[in-house]
Every structure is written in structure tokens, then in C-alpha cells.
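S.K.: Just to be clear, the model below is a prediction. Sequence and coordinates:
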Amino acid sequence: MEIQGREFSGFPGRDYASLRQLDYEGRVAWFQFRFALVFVRPFERFMTMEDPDCYIWLCAMSLVGSALSSLADFAGRGGDPEKFTAFVNRYMPSFDQAAFNLHDPTASTRNHAAVTPADHFYRFFRNGLAHNFCIQWGGLQHREEIGNVGHDYLFETNQGLHGEHGLGIVPREFVANFRTACSRFITDLERAQLGSELQLAFDRTFERVYLQKSLPPMP
């Protein structure tokens, strides 16, 4: 792909010298190109693999959770949980708007309770799948299984032995909203003013991640 008069592959090890010549607008264009190359198009192809002998939804949720973590790193500062939940609440507003009474079976004096939908998604979906191949609290159900309940694609589950609640997600609708969130974030990057918090956060992460590789391996 050509950006600002230079050819790019989307791989920082190959693009290293030219990446350093891009201004903010060029960096955003390269990032969008790479995101489509290494995530968006592979993810869309993966989503076509669903059939009765191939349950795709835990893999899909794991991929989306990782993508949200990565995007959140370009959007703000702070610890990983804070950046993740802030990004989800901003770009997938159903999480911020859902007034649920959620419980956290992992809460302790060392581990603050996860009480919001975004907290639950980070702790039990994103982290649970990354570490245990399991959504550790709450889970997934399709619309035809639950009808119209909850807030958009989110709902409360009756999860524990004493009626405790976890977070439920309708996966197809969630993935559709994730696609919208990605588009909104790219648009915000394109429109960000120089010197804004978003522009500074993006450049900081871009430089830390992509300007360190000057040789293969490529990805």
C-alpha cells in the first residue's frame, strides 16, 4: 500500500525505515492498513467457519477481547484494566448504559470486585478465555435462546448457588457492535487534533510498538 509517497507492507520489520518518515496522519493510515491485514479480514473469514461441528464463539470472543485490549492501548493511559474498560464503555456504549446488579465470585482484599459489565467482560471473558479457555462467570446465549431481555445484547445471568448474577452476552449482536466500535475508533483517530490526548496516546503506543523492529521476523 502507498502512504504519503512510500510503499508499505503492513509489517514493521519491513517498513521500519519508511515508518519513521510518516507524520500522524500517515501513521493512522498505516495502522488502519495493518489492522485490516492482520485482524479484520482474517477475523471475518474465521466467522464464516461456524457449523454444528465447529463452535466458533469462544474463539471469536477471545479474538475480540484481545483486539479490544490492543485498541485500548492506542486510546489512553493507565493500567490495562482501566484502559480496556474505558475503551469498551466509550465505543460499545451498551456496556456503560446497562444497569445490572452483577456479582464477582473472585473478589477479595487483594482483588477489587468487578461490578460493571465492562469489568466483567475484562475479568471473566477476556482474561478467562486467555488463561483458561473458559468464560469463568457469566457466558453466551443466542437471541433465539433468550428472547428480548436485558439491554441490547447484554443481560444478567442467574449464575451462582444463591442467585448471584453474572454478565450474559448475545454473541452475534456483540460482534456486530464490535465492528461498529472499530470503525468509530479509526474515525476518531483520523479526526484527532494534534496535541489532543488521543493523538498523544496513539503516537506513544505506535512508537513503543512499531518503531522498535528494524529486521525480520516480520509480523
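M.R.: In hand now; what should we look at? All values reported here derive from a predicted model rather than from experimental measurement.

S.K.: roughly how far is stretch 179-189 from the heart of the chain?
M.R.: 11 Å (CA atoms, centre = their mean, to the nearest Å).

S.K.: Buried residues, that stretch. List them.
M.R.: Across stretch 179-189, burial judged by 16 or more other CB atoms under 10 Å covers 181-182, 185-186, 188-189. Every C-beta, even on glycine, is put in place using the N, C-alpha and C of the backbone.

S.K.: List the contacts of the helix or strand where Leu129 lies.
M.R.: Using DSSP states H and E, Leu129 maps to helix 127-132. With CB atoms under 8 Å, 6 or more residues apart in numbering as the test, helix 127-132 has contacts from 58, 61-62, 65-66, 134-137.

S.K.: Need the contact partners of the next helix or strand after that helix.
M.R.: Next helix or strand after helix 127-132 toward the C-terminus (DSSP H and E): strand 139-140. With CB under 8 Å, 6+ apart as the test, strand 139-140 has contacts from 57-58, 61, 157, 166, 168-171.

S.K.: related to what we said a few turns ago, mean confidence for the helix holding Leu129?
M.R.: Averaged over helix 127-132, pLDDT sits at 94.

S.K.: what ranges of this protein fall below the confidence cut-off?
M.R.: Scanning the chain for pLDDT under 70 picks out 109-110, 218.

S.K.: just to revisit the earlier point, of the contacts of strand 139-140, keep whichever come out buried.
M.R.: By 16+ other CB under 10 Å, these give 57-58, 61, 157, 166, 168-171 as buried.

S.K.: So which bits of the helix holding Leu129 are buried?
M.R.: Per 16+ other CB under 10 Å, helix 127-132 contains these buried residues: 127-129.

S.K.: now the residues you listed in a markdown table, with distance to Thr116?
M.R.: What follows is those, written out as a markdown table (distance: CB to CB, whole Å):
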| residue | distance to Thr116 |
| --- | --- |
| Asn127 | 15 |
| Gly128 | 16 |
| Leu129 | 19 |
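
S.K.: Dead centre of the protein: give me the residue that sits there.
M.R.: By CA atoms, centre = their mean, the mean C-alpha position of the chain lies nearest to Leu68, the distance being 1.2 Å.

S.K.: Now do the helix or strand hosting Arg90: which elements does it pack against?
M.R.: For Arg90, the element it lies in under DSSP H and E is helix 80-91. The helices and strands touching helix 80-91, judged by 3 or more CB pairs under 8 Å, 6 or more residues apart in numbering; DSSP states H and E, are helix 57-73, helix 94-97, helix 117-120, helix 171-191.

S.K.: and of those, who's closest to Glu144?
M.R.: helix 171-191 (10.1 Å; CB to CB).

S.K.: For the next helix or strand along the chain from that closest one, name the packing helices and strands.
M.R.: Next helix or strand after helix 171-191 toward the C-terminus (DSSP H and E): helix 197-210. Applying 3+ CB pairs under 8 Å, 6+ apart, we find helix 197-210 packed against helix 12-19, helix 24-35, helix 171-191.

S.K.: Quick check: which of those is buried the most?
M.R.: Neighbour counts (mean count of other CB atoms under 10 Å) averaged over each of the helices and strands packed on helix 197-210 peak at helix 24-35, with a mean of 19.

S.K.: No further queries at this time; thank you.
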